[in-house]
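> What follows is a predicted structure for the sequence shown.
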Amino acid sequence: MAFNQFDRNNLPPDWKKFISGYRYILWGILGIILLWMMFFQVRPEEVGVITRFGKYVRTEEAGLHLKFPVLERLYKVAVERQQKEEFGFRTTATGIKSQYTKSGTSDESLMLTGDLNLADVEWVVQYRIDDAYKFLFKVREPVATMRDISEACMRQVVGDRTVNEVLTVGRAEISVSVQEVIQRLCEEYSLGIKIEQVVLQDVNPPDLVKDAFNAVTQAQQEKETLI
């Protein structure tokens, strides 16, 4: 069976115009896509980090900018936004009355004090990203690393104090000391993170020994009253 070859001259005039112009249409669509990929906007709280073939080339501040499509990749990093990490508890719902849970957090909150007592410590680390390049490229998981550093520092500082200091008069000093040590280690490891504040939320005896601890505290108060 023979098939007639496609003959462009046998097409209707309208079809000929469409076929002759489809190339221009395709080039126009491709040009629009390339222009769309060239322009990008960085919001006021962010910086844009540009890499070319995976290598860092520049950092762009807030505003409208250009980049080479396909060749360059954009990473947006929120450097002005304050973020937080919670230890010993997790926020499950925010609002007028926030809800919290301690499920699965006992390993990070139970600590041994300097006088060999247990304390259940809950705290929050507030931080922001102050060096987008270091945050993206120096350490594989900077936030997870910062969490490990924070937990280790809190255990170290709590382990140098008595349980009474941890529960009462030493809370402010502990927060300041932990913040300083975390910041020093973040700079040493080039995490690109600035620690804004460390806040001790709740510090209590563990539930298993809370009754015994309260009994000891009450006995001490009665002793002081008698004296």
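Perfect, I can see it now. The model shown is predicted, which means the values in this text are computed figures rather than measured ones.

> In this protein, which residue is most central in space?
Nearest residue to the geometric centre of the chain (C-alpha atoms, centre = their mean): V143, 5.3 Å.

> list the contacts for the nearest residue to that residue once chain neighbours are set aside?
Among residues not flanking V143 along the chain, E85 sits closest, at 7.1 Å (C-beta to C-beta, 6 or more residues apart in numbering). To be clear about C-beta, it is placed using only N, CA and C from the backbone, and glycine gets the same treatment. Contact analysis of E85 by C-beta atoms under 8 Å, 6 or more residues apart in numbering lists 124-125, 127, 143, 146-147, 150.

> ok, now with 7 Å
125, 147, 150 (C-beta atoms under 7 Å, 6 or more residues apart in numbering).

> swap in V47?
V47 is in contact with 59-61, 77, 79, 132, counting by C-beta under 7 Å, 6+ apart.

> right, and out of those, which lies closest to G48?
G48 lies nearest to E60 out of those, by C-beta to C-beta, at 4.1 Å.

> Pretty sure that closest one sits against V42.
Yes. Using C-beta atoms under 7 Å, E60 is in contact with V42, at 5.7 Å.

> still on that earlier bit, so what's the predicted local confidence for the residue nearest to the centre of the chain?
Looking at V143, its pLDDT is 96.

> quick one on the thing from earlier: can you flag the buried ones in the contacts of V47?
59-60, 77, 79, 132 (16 or more other C-beta atoms under 10 Å).

> Which of these fall in helices?
Judged by DSSP state H, those include A132 as members of helices.
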